[in-house]
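Peer 1: quick one, structure for this:
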Amino acid sequence: MLGTDAFYYPMIAVAFVCMVILAIWRAGEVGLSRWKIALVCLVSLLVGIVGSRIGYVVVEWDYYRLHPAQIPRIDLGGMVFYTGWFLGMLGILATIRLARLPLWKTIDLIIPPGAFAQGVGRIGCFLTGCCAGSPTDLPWGVAFPPETIRRHPTQLYESAGVFLIFFLLKRLERRNPLPGAVFYCTLLYYGLLRFVLECIREDARPGPFGLSIAQWISLTLVVWSAVRLRRLSLLRKA
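Peer 2: Coordinates of the predicted model:
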């Protein structure tokens, strides 16, 4: 591991290309405009990066209020996934509306490629050495320079988990689910994955009642998506 940003942004570029290819392939299958779907992907990337950076600046405001010139310096690292995801979704919704695309059909199409791209992006985190886990004696523990302590490679755990989510979502697509089912399943699966991984992430930010902030967000998404999926199952039976 180099412990630098040498691989991070190239891997983000690879992740975006993978997302676009998967999304436009699916767009052709379901009869949506490929260039409009590519535009949605681009907006999700750009707004997601800005949102991730905003989240990190807010969390580390005590530092950035003294060094405001470093706020736009994403080349120095510092991203928060959930804020990037939420703002990215807002960008997707706005683009869907402007491009006059069908709402749920487009969201359910974009989500699986987005999950695949996240899995690729987490490999970039691993190569960079950010988002590492707590110390471990397990044989697959990794020392990220300049440290010599072996840590859980939580980046690879999440990458593997998100790739699994991608394949689960693709299986769900073949079952002709109700609109929104793919989206809510993604929230449910990822919320569970992130909740577990937070238990061994070194950079987990503490929240109320012994849980991290990300765990509380994950729990909220799990409960909300479970309720929505239950409602969709009742609609299918009706």
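Peer 1: just to be sure, Val14 is in a strand?
Peer 2: No: read with DSSP: H, G, I helix; E, B strand; the rest coil, Val14 is helix and lies in no strand.
Peer 1: now do the residue lying closest to it once chain neighbours are set aside, the pLDDT please.
Peer 2: Leaving aside its sequence neighbours, Val14 sits nearest to Val120 (Cβ to Cβ, 6 or more residues apart in numbering; 5.7 Å). Glycine gets a C-beta too; all of them are placed from N, C-alpha and C. The score at Val120 is 95. That number is its pLDDT.
Peer 1: look up phi and psi at the closest residue to Ser212 other than its chain neighbours.
Peer 2: Leaving aside its chain neighbours, Ser212 sits nearest to Ala204 (4.0 Å; criterion: Cβ to Cβ, 6+ apart). Main-chain dihedrals, Ala204, degrees, to the nearest 10: phi -60, psi 130.
Peer 1: neighbours of Ala204, how many?
Peer 2: If you count neighbours by other Cβ atoms under 10 Å, Ala204 ends up with 18.
Peer 1: if we can go back for a sec, please identify which helix or strand holds the residue nearest to Val14.
Peer 2: Taking DSSP states H and E as the criterion, Val120 maps to helix 103-128.
Peer 1: and Val17, by the same measure?
Peer 2: helix 8-30.
Peer 1: mean confidence for the following helix or strand past that helix?
Peer 2: Next helix or strand after helix 8-30 toward the C-terminus (DSSP H and E): helix 34-59. Average pLDDT, helix 34-59: 92.
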